[in-house]
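S.K.: Requesting a structural model of the entry that follows:
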Amino acid sequence: MHVLASSLYIHLPWCLSKCPYCDFNSHKLNNRSNKNKYVQSLMNDIRAEAERFSNAKLRTIFIGGGTPSLFSPNDIGRILQCVKDNFLVDEDCEITMEVNPGSMEHYRLTDYNEVGINRLSIGVQSFDNRSLRLLGRLHSTEDVYSVYEKAVLANFNSINIDLMYGLPQQNIKMAVNDIKAAVGLQAQHISYYQLTIEPNTQFHKKKPKNMPTSDDAFAIQEKCFVFLLNAGYTRYEISAFTMSGYECQHNLNYWRYGDYIAVGAGAHGKYRYGEKIKRYQKPVNPISYMETNYKNFKEYKLITLENSDVIFEYMLNNLRLISGFTEKHFEESTGISFKYVEEKIYKLNELGLIARLPNSHWQPTALGLRFLNDMQAEFLVM
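M.R.: Have a look, this model is predicted:
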């Protein structure tokens, strides 16, 4: 199949425990979890996807979870070697792996770097030990500093820190202290997003006490965003801040509605084929994933999107970007004429949520970013 996808997502589904706020496809590691068998299934999956995307040249690879750092550097090396054996991989390919500070007791970060990981994303969430306990995290503040120091010594090209705000019992001073700590480490990239209570999580079943109000959360956001900007970070996506030149290229491909390949339990892929856009998903349960014949993966939950779905997905992603989008990019990415969304875009413009720039360029305003969900919802029904 002649599809030019440039990104690959690899899902490793196990964690030491399930965090009460997490709605990702992650599962507690137990005796039934067979990591060796899973790696073999992943490699079969990679080979099958290489047949589907025979002309793909990868510019980004992202290994997420779950907790990928529960897998050894040898396991990660085998997976990446299989990718390189089956795909064209750009010489400067951004290869990211997520790690949790509490899962690094057994493996050296240097070894992950040596097998090909060049960008690290550390799930810090908070530098406050009480907040970490309330979030169900297994690591401590001391673990964060320890793993970050090791990451710097391992000489990764870029290090991202994931932080959350709007935490149970969090006030503005605590949130600012978290941001100060992250900036103090001089991480090249900081993902800073609000804790949301998602369905099918423990927090949804039993909401934590003393959650900040929406006004309190907005005050935290405003103060901490200003702190990040004053510290030299650029906000290029609604929750992503970067030093110059360290934008996450993998996530940018998502947000720009690019095509991407997916392997692993529950992983989603998306690609343009002719005038249509297709999506697919792998079996969600790791056991089912390992027991499914990889030759059947190509057709597993493969769907062709309706134009209304394509428009909504495009706006869901591109409106997150501070730079916005052009009419030309919309048409090239979706295969749909801009006239189909023109009325809604002009409505958002009249409401002050999106601004028109030269060369048919549309950019969310500060007000639009504050009410992003409302903007995106405009495109739910086309």
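
S.K.: contacts and neighbour counts: CA atoms only from here.
M.R.: Will do.

S.K.: in the stretch 1-150 of the chain, which spans are helices?
M.R.: 35-52, 73-86, 109-114, 129-134, 141-153 (DSSP state H, counting those that start in this stretch).

S.K.: Residue 222: which of those helices is closest?
M.R.: Counting by Cα to Cα, residue 222 lies closest to helix 129-134 out of the helices of the stretch 1-150 of the chain; the figure is 20.3 Å.

S.K.: Export the closest one to CSV, keeping only CA atoms.
M.R.: Extracted C-alpha coordinates of helix 129-134, given in CSV (Å, rounded to 0.1, in the frame of the first residue of the first chain):
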residue,chain,number,x,y,z
ASN,A,129,5.0,14.2,47.9
ARG,A,130,1.5,14.7,49.3
SER,A,131,0.1,15.4,45.9
LEU,A,132,1.8,12.3,44.5
ARG,A,133,0.2,10.1,47.1
LEU,A,134,-3.2,11.6,46.4
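
S.K.: For that helix, what does the pLDDT average out to?
M.R.: The pLDDT scores in helix 129-134 average 93.

S.K.: which one is residue 279 nearest to, not counting chain neighbours?
M.R.: On the basis of Cα to Cα, 6 or more residues apart in numbering, the spatially nearest residue to residue 279 that is not a chain neighbour turns out to be residue 270, at 4.4 Å.

S.K.: now the helices of the stretch 1-150 of the chain in CSV, with mean neighbour count and distance to residue 310?
M.R.: Shown next, in CSV, are the helices of the stretch 1-150 of the chain (neighbours: other Cα atoms under 10 Å; distance: least, Cα to Cα, whole Å):
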stretch, mean neighbour count, distance to residue 310
helix 35-52, 19, 21
helix 73-86, 17, 29
helix 109-114, 19, 37
helix 129-134, 16, 38
helix 141-153, 17, 39
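
S.K.: wait, which of those is closest to residue 213?
M.R.: Closest to residue 213 of these is helix 129-134 (Cα to Cα; 16.7 Å).

S.K.: picking up where we left off before, my reading is that the residue nearest to residue 279 is in a strand; is that accurate?
M.R.: Yes - counting by DSSP: H, G, I helix; E, B strand; the rest coil, residue 270 is located in a strand.

S.K.: how much space between the spatially closest residue to residue 111 that is not a sequence neighbour and residue 185?
M.R.: Leaving aside its sequence neighbours, residue 111 sits nearest to residue 73 (Cα to Cα, 6+ apart; 5.9 Å). Counting by Cα to Cα, to the nearest Å, the gap from residue 73 to residue 185 is 25 Å.

S.K.: and what of residue 262?
M.R.: In terms of Cα to Cα, residue 262 sits 32 Å off from residue 185.

S.K.: And residue 312, how close does it get to residue 277?
M.R.: 13 Å.

S.K.: Please read the previous query as pertaining to residue 66.
M.R.: Residue 66 is 28 Å from residue 277, where distance means Cα to Cα.

S.K.: of the two, who's got more company?
M.R.: residue 66 (25 against 20; other Cα atoms under 10 Å).

S.K.: Hmm, that one is touching residue 14, no?
M.R.: Yes - here residue 66 reaches residue 14: they are 4.7 Å apart, a contact under Cα atoms under 8 Å.

S.K.: now residue 241, nearest residue through space, not along the chain?
M.R.: Residue 241 sits nearest to residue 235 (Cα to Cα, 6+ apart), 4.4 Å away.

S.K.: And that neighbour, what's its pLDDT?
M.R.: So residue 235 comes in at 98 (pLDDT).

S.K.: Tell me how many other residues crowd it.
M.R.: 21.

S.K.: Shouldn't it be within a helix?
M.R.: No - counting by three-state DSSP, residue 235 is located in no helix; its state is strand.

S.K.: ok, now how distant is it from residue 376?
M.R.: 20 Å.

S.K.: Can you pull up the most central residue in this structure?
M.R.: residue 251 (6.0 Å; Cα atoms, centre = their mean).

S.K.: On the pLDDT front, check residue 4 for me.
M.R.: 63.

S.K.: just to revisit the earlier point, any shared contact partners between residue 312 and residue 277?
M.R.: Here residue 312 and residue 277 share no contacting residue, scored by Cα atoms under 8 Å, 6 or more residues apart in numbering.

S.K.: need the contact list for residue 209.
M.R.: 168, 169.

S.K.: where do the contact lists of residue 66 and residue 14 overlap?
M.R.: What both residue 66 and residue 14 touch, as defined by Cα under 8 Å, 6+ apart, is the set 26, 27.

S.K.: any low-confidence regions in the stretch 151-300 of the chain?
M.R.: Filtered on pLDDT under 70, the stretch 151-300 of the chain yields the residue ranges 295-299.

S.K.: which residues in it form helices?
M.R.: Using DSSP H, counting those that start in this stretch, helices in the stretch 151-300 of the chain cover 172-184, 202-205, 214-230, 249-255, 286-291.
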